[in-house]
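> Using only what follows, build the 3D model:
(one chain, ligands or ions: 1)
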Amino acid sequence: MKKSILKLIEQHGTPLFILDHRKLRDSYRTFKKNLPRVQCYYAVKANSHPEIIKTLFLEGSSFDVASYNEFMQIYKYINHFEEKDQDLFIWDKIIFSNTIKDKETLGKIKRYRPLVTFDNSDELKKIKECCDTAGLILRLKVPDTGSQVEMSSKFGAEPGDADHLIRQASDEGLVVEGVSFHVGSQCTNFDNYTEALAIASTILQDARKKGHPLKILDIGGGFPVPYDGQVVEFEKLANLIDTECNRLFPEDIEIIAEPGRFMVATAATLITEIVGKSRRDGKLFYYINDGVYHTFSGVVYDHWQPNFSAFRRGKMEVCAVVGPTCDSFDKISLSVQLPGNLEIGDYLLTENIGAYSTASSTNFNGFDGARIIHTNLRR
Ligand SMILES: Cc1ncc(COP(=O)(O)O)c(C=O)c1O
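As a prediction, this is how the structure comes out:
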C-alpha cells in the first residue's frame, strides 16, 4: 500500500485525492445485494465527479439530483439514446429530491414528466403552475436523532399535514405517487429508520384507503459508513430495513433509496503533505497543504471528524492539523494522535474521504485543492 501510494505521489504530487472505482462498484453492489427490493438512486450531491457518475451509470444505478445542473450531469450519459428511451430513463431512474425547486428549473424539466419531491402547499402551487406533468413524492418529517447531519429542521411535512397536502395535490389535478423521508446523514441510530418506516406506512395506507393511488416509498439516504469501529455494519441495518419493509409495505409498493455517502465515502483516500510546523502553547501544529476550504470542507459542512495517519513512525502525541490558508478558521482538527517527529515534506493519509469533501471544495486564497486521480476504472 505504502509503496503504491508513494509512486502515485511521485507521479502526481500532493494533495492527492485517490478515487478507487473498485470500491465504488463494491459499495453499489453491497447496497443492491443487501436491499434487493430497493432501487438505488445515487445522491449526486455527495460527490458529483463525472467519473463517479459514469461508473455508477455503467453499474445500472439510478440517480437523485437536486438541481438542473446535476440533472444535466446524468443527461450527458443518455444524450445518445433515442428520445423515447431518454424519456423512459428519466422517468424511471431520476428523482429530483430537492423539496424546493425554482420556477425556471420546473419549467425546464416539465417535458420529462419528472419525479419530484415536495413538502408544502406553496411548492405544490408552483409545481402546478410550472410542471404539472410531474409525479409527486411527499417528503415527511421523521426523527433524525443522533445522525451526523440532521435534516428535519429544514425538510419534511409534519405527518399530521400529509392528508391535506395529498388532498390538495389531488384537487389541483396533480398526482402524488408516494412518500419519502431522510433520517439524517450518517445515521447510526437505527431506530430512526424503524420509526420513519412506521410513519410512512401509516400515511401510505391511509392515503390508499382514501382512494389516492400511492405506490412509491422513498427511504432517502443516511446509510452510515464505518468512519470508526462503533458503526454497526451496513448488513445489519439492511436486514432491519428489509424486514420492516416486507412487514409494512405490500409488494405492489415500489421502494427506492437515495444513498450518497454510503456509495462514495470509502472509495477515496487523500494524501497531504506537511508544509509547516510549529509549537503553539506547547501543542504541536502540523500545517498541511489541504484544509477546510478545500478537501476537508466536510469538517464544516458535514460535521465530519477526519482521520489521519502518518507514513513515519514515532512517539505519538496530541497534535493540531491545520490547513494552508491565511485564515485561522482553517483548522482541520485540534486533537489528532500523530507521531511528534514528523517533518516538513512528510505525508499524511486520510481515508474514507469520498463524500461531501471535494463536492464543497473552493479555491479560497488561491489554493487549487487536491488533484483527483482514479484507480481501478473499468471501461
Ligand atoms: C434529499 C436527500 N437525499 C439523499 C441524500 C444523501 O444522503 P446520505 O449521503 O446521507 O446518504 C441527501 C443528503 O443531503 C439529501 O438531502
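
> Could you use CA atoms for every contact and neighbour count after this?
Fine.

> all helices of the chain, in order?
Assignment of helices within the chain using DSSP state H yields the ranges 2-12, 21-34, 50-59, 68-75, 83-93, 103-109, 121-130, 162-171, 191-209, 234-248, 261-264, 298-301.

> Return the most buried member of those.
Highest mean neighbour count of the helices of the chain: helix 261-264, a mean of 28 (counted as mean count of other CA atoms under 10 Å).

> what packs against that one?
Secondary-structure packing of helix 261-264 (3 or more CA pairs under 8 Å, 6 or more residues apart in numbering; DSSP states H and E): helix 21-34.

> sorry, back to before: including mean pLDDT and distance to residue 347, could the helices of the chain go into CSV?
Formatted as CSV, these follow (pLDDT from 0 to 100; distance: least, CA to CA, whole Å):
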stretch, mean pLDDT, distance to residue 347
helix 2-12, 93, 9
helix 21-34, 98, 23
helix 50-59, 97, 26
helix 68-75, 97, 34
helix 83-93, 95, 41
helix 103-109, 97, 44
helix 121-130, 98, 49
helix 162-171, 97, 53
helix 191-209, 98, 39
helix 234-248, 98, 31
helix 261-264, 98, 23
helix 298-301, 97, 20
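
> can you list those in CSV and add distance to residue 272?
Formatted as CSV, the entries for these read as follows, by distance: least, CA to CA, whole Å:
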stretch, distance to residue 272
helix 2-12, 10
helix 21-34, 21
helix 50-59, 22
helix 68-75, 29
helix 83-93, 37
helix 103-109, 39
helix 121-130, 44
helix 162-171, 48
helix 191-209, 36
helix 234-248, 29
helix 261-264, 20
helix 298-301, 16
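
> Out of the ones you listed, the one nearest the ligand is which?
Of all the helices of the chain, it is helix 261-264 that lies closest to the ligand, at 3.7 Å by CA to the nearest ligand atom.

> Residue numbers of this structure in contact with the ligand?
For the chain, the contact set with the ligand under CA under 6 Å from any ligand atom comprises 43, 46, 97-98, 185-186, 220-223, 258-262.

> rerun at 8 Å
In this structure, the chain approaches the ligand at residues 42-43, 45-46, 64, 66, 97-99, 149, 151, 182, 184-187, 220-224, 257-263, 355-356, judged by CA under 8 Å from any ligand atom.

> picking up where we left off before, among the helices of the chain, which is nearest residue 141?
Of all the helices of the chain, it is helix 191-209 that lies closest to residue 141, at 8.4 Å by CA to CA.
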